[in-house]
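Novice: coords please:
(one chain, ligands or ions: 1)
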Amino acid sequence: KPQIGVLALQGDVREHVAALELAGASAVTVRRVSELAQVDGLVIPGGESTTIDKLLRIFDLFDPLRAAIAGGLPVYGSCAGMILLADRVLDGAADQQTLGGMDLTVRRNAFGRQVDSFETDVAVEGVPGPPVHAAFIRAPWVESVGPSAQVIATITSGPAAGRIVGVRQDALLATSFHPEITGDGRIHELFVSIVRREY
Ligand code: GLN
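Specialist: Modelled structure (predicted):
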């Protein structure tokens with residue numbers, strides 16, 4: 001079984017641990033560099049990207065994680081995790097930094113405030129079967145992608161139709177939404193197959 005870490009500084013860590021186990025991985029929490037060194041892949045959960053950014057620096061994980069991403073570590077970022085994987089952020093906090101690695105520009109809180117959180121079905125390239133039931137919680141969207149990133153999910157109806165909410169770049173995967181809270185395990189299965197280098 002691949003060993004997949006969940007960055008456990010802030011955010012919905014437990015839900016990702018459970019979803020990864022169901023998808024066939026062995027899931028562990030990661031808070032230290034020594035733990036990071038032992039995983040075959042990493043999930044950066046949703047939460048608050050500015051807080052996770054600050055904690056990454058307090059825990060001395062910012063530079064090691066950046067280096068691991070540059071070295072090809074597979075990483076899946078959901079919501080705040082997507083923001084942290086993006087090379088460029090719009091509407092970020094003044095001193096907000098990202099780990100980067102994915103050639104995309106995200107817009108933070110793009111769908112509106114917390115009360116504008118919603119659920120919808122999203123077809124995701126690489127995920128067979130019916131669309132994924134996805135929860136958006138003060139989510140970012142991808143404003144634009146550079147040539148290295150591949151769009152795998154777009155909103156198809158409603159006021160946000162056409163907005164990009166899923167991207168892939170080599171071993172890096174990011175979604176605006178939270179698949180770990182709607183009981184649809186297929187995004188985690190996709191990530192486990194990326195970690196296994198089967199995809
Ligand atoms: N709005 C949060 C941020 O900017 C992300 C919300 C989430 O992860 N559910 O980081």
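
Novice: what is the burial count for the closest residue to Ala80 other than its chain neighbours?
Specialist: Excluding its sequence neighbours, the residue lying closest to Ala80 (Cβ to Cβ, 6 or more residues apart in numbering) is Ser49, at 4.0 Å. Yep, even glycine has a C-beta here, placed from its N, CA and C like the rest. Ser49: 29 surrounding residues under other Cβ atoms under 10 Å.

Novice: show me the contacts for Ser49.
Specialist: The contact partners of Ser49, by Cβ atoms under 8 Å, 6 or more residues apart in numbering, come to Ala80, Gly81, Ile83, Leu84, Val89, Gly92, Gln96, Thr98, Arg108.

Novice: so where's this structure shaky on pLDDT?
Specialist: When residues are selected by pLDDT under 70, those of the chain lie in 114-115, 199.

Novice: close to the ligand: what parts of it are there?
Specialist: Residues of the chain lying close to the ligand (Cβ under 6 Å from any ligand atom) are Gly46, Gly47, Glu48, Ser49, Cys79, Ala80, Ile83, Arg108, Asn109, Ile137, Arg138.

Novice: need the strands for this protein, in chain order.
Specialist: Along the chain, the segments classed as strands by DSSP state E run 3-7, 26-30, 41-44, 75-78, 86-90, 102-107, 118-122, 132-136, 141-145, 150-154, 164-169, 172-175.
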